[in-house]
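Undergrad: Turn this into a structure:
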Amino acid sequence: MDRGEWFCAEGAAGELRRAGDFRRALSVMEPFVETGWRPALYAKAEILLRAGRRSQEVLDLVRPEDSGRASTTESRHLAEVLGKAGRVDEAIELLVPHLDKSWLLSVLVDITDGQGRDERVLELIAPLADRARQACGDEHRNYAFSDAQELQARVLERAGRADEAIRILGQDIARHRFLAQNTLIAYAELLARHGRLDELRALVGCQDTHSVLDVYAGALRRHGRVEEAEAVMRDAIAADDWVGYRAWLSSMLLAEGRLDDAIVVENPHGNDIETGTVKLPGGQLRPPSANRLDHLSVSQSICFVPGGVTAYHYPGGPCAGSKGNYRVQRGEPAGRAPLQSHLCRLKSSVKSAPLRSRTDRPGC
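TA: Below is the predicted model of the structure:
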């Protein structure tokens with residue numbers, strides 16, 4: 001089997017499935033299913049489930065031959081199919097022995113969403129969240145369950161216990177009992193969703209502003225306080241000219257129909273975006289031919305643009321953008337995206353503001 005053929009078939013079957021043409025989607029998958037290749041079996045099961053066929057046939061497709069020796073990945077796929085087939089309790093019990101693998105905790109939370117099993121999930125998460133809190137006091141911290149507190153708050157919130165989620169997570173943040181910056185961001189977003197703007201403003205004042213200021217400004221905007229959101233971000237830029245602040249503000253201005261203002265915010269030095277020419281200190285111009293990724297690693301260059309696009313680029317040049325993440329190879333000139341290139345900005349090892357890449361960073 002050619003892997004290139006598989007990727008084409010997988011994409012075609014997915015489009016047919018989303019269009020509701022399940023018969024043709026199955027016919028595309030069938031040659032791969034006949035080989036017994038597990039990704040094809042999972043894909044067929046997904047098609048059958050979308051077609052409303054929640055039979056034993058679907059489960060048999062993905063059930064390992066020896067359930068007692070199923071790998072963690074096999075257990076995950078089977079649990080997901082069980083959940084979609086309405087057999088949520090079986091899915092939960094299948095995952096329980098594997099919850100020492102932290103990445104399965106989010107699977108547990110996802111497959112039980114809206115299934116009336118929140119109390120059971122909270123019972124399973126609680127000791128793992130406690131382990132994350134205790135790890136903050138360890139000399140050699142174990143980051144394995146760094147998302148457990150965030151997931152605990154998420155389940156409490158969806159169970160109608162938002163105040164409890166805010167109280168518990170708020171105590172952890174105040175006492176610096178969290179391992180990853182994601183937990184801080186999750187708390188800020190929780191406050192924002194429930195209109196707790198005063199608490200959110202206080203959080204901005206005592207925590208990593210780079211992580212949470214955009215959440216506060218976004219909440220202000222959603223509450224109709226656009227001018228206040230803009231002022232907050234402009235004040236932040238004046239105090240700390242960080243690329244993330246400019247990225248967020250330019251995106252907001254663009255969404256408000258203020259293209260010229262957005263361009264000024266993202267390109268304060270007046271670089272020639274159309275040609276890629278960059279103004280250097282002292283007024284010297286660097287031509288676009290010099291703007292190549294010859295001396296930077298990919299991880300050092302990140303482009304921020306609105307519309308769900310994140311891309312890597314090189315200093316001063318136009319941004320090569322595509323849906324999702326687009327990696328520019330070393331020494332390769334980046335292509336251009338017309339409007340998006342106006343809002344490209346370079347910064348080393350940062351995350352975008354409204355389109356944040358949530359990377360773990362020590363929180364305690």
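
Undergrad: Poorly predicted segments of the stretch 151-300 of the chain, please.
TA: In the predicted model, the stretch 151-300 of the chain carries pLDDT under 70 at residues 269-300.

Undergrad: how far away is residue 176 from residue 207?
TA: Look at residue 176 and residue 207: by C-beta to C-beta, to the nearest Å, they are 10 Å apart. All C-beta atoms are positioned from the backbone trio N, CA, C, and that covers glycine.

Undergrad: So these two - more neighbours on which side?
TA: Per other C-beta atoms under 10 Å, whichever of residue 176 and residue 207 has more neighbours is residue 207, with 20 against 11.

Undergrad: separation between the closest residue to the more buried one other than its chain neighbours and residue 133?
TA: Of all residues not flanking residue 207 in the chain, residue 184 sits nearest, at 5.9 Å (C-beta to C-beta, 6 or more residues apart in numbering). For residue 184, the distance to residue 133 (C-beta to C-beta) stands at 14 Å.

Undergrad: ok, the residue nearest to residue 207 - how many residues close by?
TA: If we define neighbours as other C-beta under 10 Å, then residue 184 has 23 of them.

Undergrad: Using the neighbour-count criterion, name the buried positions in the helix or strand harbouring it.
TA: Here residue 184, judged by DSSP states H and E, is contained in helix 181-193. Using 16 or more other C-beta atoms under 10 Å as the test for burial, helix 181-193 gives 181, 182, 183, 184, 185, 186, 187, 188, 189, 190, 191, 192.

Undergrad: Now do that helix: distance to the chain's middle.
TA: Centre-to-centre, helix 181-193 and its host chain are 13 Å apart (C-alpha atoms, centre = their mean, to the nearest Å).

Undergrad: same thing with stretch 22-40?
TA: Its chain's C-alpha centre and that of stretch 22-40 lie 30 Å apart, by C-alpha atoms, centre = their mean.

Undergrad: Pull out the buried positions in that stretch.
TA: Neighbour-count burial for stretch 22-40 flags 22, 25, 26, 28, 29, 32, 40 (criterion: 16+ other C-beta under 10 Å).

Undergrad: Show the contacting residues for the residue nearest to residue 207.
TA: By C-beta atoms under 8 Å, 6 or more residues apart in numbering, the contact set of residue 184 is 173, 178, 207, 208, 211, 212, 363.

Undergrad: With residue 121 instead?
TA: By C-beta under 8 Å, 6+ apart, the contact list for residue 121 reads 92, 108, 109, 112, 155.

Undergrad: pLDDT wise, what is it at?
TA: pLDDT, residue 121: 97.

Undergrad: if I've got this straight, it is in a strand?
TA: No: using DSSP: H, G, I helix; E, B strand; the rest coil, the secondary structure at residue 121 is helix, not a strand.

Undergrad: Distance from stretch 51-64 to the middle of the chain?
TA: With C-alpha atoms, centre = their mean, you get 30 Å for stretch 51-64.

Undergrad: Kindly provide the distance from the residue nearest to residue 207 to residue 170.
TA: As for residue 184, its distance to residue 170 is 11 Å (criterion: C-beta to C-beta).

Undergrad: show me where the chain has strands.
TA: Under the criterion DSSP state E, strands of the chain are mapped to 278-279, 285-286, 303-305, 309-311, 324-326.

Undergrad: which other residues reach stretch 132-149?
TA: Stretch 132-149 has contacts (C-beta under 8 Å, 6+ apart) with 102, 105-106, 125, 128-129, 131, 168-169, 172, 176-180, 182-183, 360, 362, 364.
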